[in-house]
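Novice: predicted model and sequence follow; I will ask about them next.
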Amino acid sequence: MYPNRNTLFLALISLVMLSCSDKENDADVIPSIIQADPDNPNSVVGPMAAIENLPYTQIADKSYTIDVSEWDIPTNRTEPVKTTDNLQAAIDWASKEGFGKIFLPKGHYLLGKEGNDIYQAGIVLKSNMALLLDKEAVIEMAKNDKWNYCAISINNEKNVVVSGGTIIGDRDNHIYTPRKSDGSVVHDEGHLICINGESQFVTIENTVLAKANGDGILMVGSKKGSAAQKLKNIVVRNNNFSENRRQGISLVGSSDVLIENNEIHHTKGTSPQFGIDLEGAGRLNQHITIRSNYFHHNTGGDIVNTDGKNVLVEANVLHQGEGSKYIDGPIVYWKNADWTIKNNDITLLTPTVNNWNGIIMYSNDNPKKNPATTYITNNTCNNCGFYMYKGADLEIKDNVFNKGHLAFWQMENLTLENNKVNHPQKCWAYRFLEVSGFAKGNTYNGEAFDIPLTDDPWNGCWIK
């Protein structure tokens, strides 16, 4: 996941940063899974009631509330195999009888049964179905020693909704049995909701998703090398992702995805530890919107894009969080990804391994293959800056840096317009080494700052 950070890279990047003490409070303040920050306008307070109006007309309005007594479903956090089997039977029966809305009443439902040597099974949802959890309903994955699990699986299905209540994993009591093949005990594939294959028109909304041993939500789409991505039209909205071990949301092949108005926080445990990770691993990620979410206390970072195409990241709050420390940083991407990053509020409290960078583009010595331009506009960076290196095709306009900087190394076709950088040291504000492009209208501490970029590589304020 992480690039090689050789000595030269570290030496160069350190020159573009502010000097600051790296002292921190190592004690994370971890809230309970139903808490949020009601004073923050982007905060989601959970648990939440299920939505009433379904987004897909293919789901019948006819409703059924599962009778836990009739189906003999434990509601007191006991007997996971029995709970899994009987809850699945109730859901399957309701679906076959034509019920679109299937309500799960309040109670604590402990799930988990043997799938195979490495997989612990939960429940499976089919097409044209909405599973609507009571506000006081909790689905929990039982303690297990498996590498993989899905509390809820959606595999090659269409028109599916999960809404309301709380879904939690077993990270607090998971058993890390060594894998037979290599002895590894990473066990990072335990997820709360898995959306797989060619699933389409799936909505996850108004749900608390917490304490997964892997991800809150994992999407794995069409097979590697597929020309088109058939996992598409996914909405993840108004959820509270808390204390998941690997990721809040992972997109491993997806298209036409909206991730909106979620609170994604306290991701910590095993790398990468990001709020949202776009990493196709040979699958196509494209046409993705990440809008109006509140990120905080995510150990790796908030959003990482290794390969996503036509991605919009807009109007999010990305805050390091008191008592927390980023590893990579708020927004990280590789040069062959392309996206628009606009109107976001980014705050660093302490330096990352990349020091004081709110947005960083990782690179290597291979040529950039994606001809698309990345646009970064109208963002506010507090105690942080941007750094991009060994790349091309970048437009940075109308950003505000409060005690921040802009730094570029071996960049081609860079457009830099109307950025406002405030910093106590002039040569730290704008830094260039072998950079070509165009610049106008940029300011330093409120005054015009001339940057003579042309088609020829230029060096400016770079300390060797």
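Specialist: Structure's in. What do you need? Numbering: from 1, shown residues only.
Novice: just the element for residue 332, please.
Specialist: Here residue 332, judged by DSSP states H and E, is contained in strand 329-334.
Novice: that strand: how far from the chain's middle?
Specialist: Centroid separation for strand 329-334 versus its chain: 11 Å, with CA atoms, centre = their mean, to the nearest Å.
Novice: okay, now the sheet partners of that strand, with direction.
Specialist: strand 301-305 (parallel), strand 357-362 (parallel) (DSSP bridges).
Novice: out of these, deepest packed?
Specialist: strand 301-305 (a mean of 29; mean count of other CB atoms under 10 Å). C-beta: built from backbone N, CA, C; applies to glycine.
Novice: what are the contacting residues of it?
Specialist: 264, 272-279, 290, 295, 311, 313, 316, 318, 326-334, 337, 339, 352 (CB atoms under 8 Å, 6 or more residues apart in numbering).
Novice: what pairs with the following helix or strand past that strand, parallel or antiparallel?
Specialist: Downstream of strand 301-305, the first helix or strand assigned by DSSP H and E is strand 309-314. Partners of strand 309-314 in the sheet, by DSSP bridges, are strand 285-291 (parallel), strand 339-342 (parallel).
Novice: what does the longest one contact?
Specialist: Contacting residues not belonging to strand 285-291 are listed as 229, 232, 251-261, 276, 278-279, 303, 307-316 [CB under 8 Å, 6+ apart].
Novice: type out the ChimeraX command that picks the buried ones from those.
Specialist: To isolate the buried ones among the contacts of strand 285-291 in ChimeraX, judged by 16 or more other CB atoms under 10 Å, type:
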select :229,232,251,252,253,254,255,256,257,258,259,260,261,276,278,279,303,307,308,309,311,312,313,314,315,316
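Novice: on that earlier part again, in JSON lines, list the strands paired with strand 309-314 along with distance to residue 135 and mean pLDDT.
Specialist: Listed next are these as JSON lines, based on distance: least, CB to CB, whole Å; pLDDT from 0 to 100:
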{"stretch": "strand 285-291", "distance to residue 135": "25", "mean pLDDT": "98"}
{"stretch": "strand 339-342", "distance to residue 135": "35", "mean pLDDT": "98"}
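Novice: closest to residue 245 out of the ones you listed?
Specialist: In terms of CB to CB, the element of the strands paired with strand 309-314 nearest to residue 245 is strand 285-291, at 21.1 Å.
Novice: the closest one: what's the following helix or strand?
Specialist: Once the chain leaves strand 285-291, the next helix or strand it forms, by DSSP H and E, is strand 294-296.
Novice: for that following strand, which strands pair with it and how are they oriented?
Specialist: strand 263-265 (parallel), strand 317-319 (parallel).
Novice: poorly predicted segments of the stretch 1-150 of the chain, please.
Specialist: Scanning the stretch 1-150 of the chain for pLDDT under 70 picks out 1-47.
Novice: ditto for the stretch 251-400 of the chain
Specialist: Along the stretch 251-400 of the chain, no part satisfies pLDDT under 70.
Novice: let's have the strands paired with strand 294-296 in JSON lines, adding distance to residue 436 and mean neighbour count.
Specialist: Compiled in JSON lines, the strands paired with strand 294-296 are given as follows (distance: least, CB to CB, whole Å; neighbours: other CB atoms under 10 Å):
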{"stretch": "strand 263-265", "distance to residue 436": "37", "mean neighbour count": "29"}
{"stretch": "strand 317-319", "distance to residue 436": "30", "mean neighbour count": "24"}
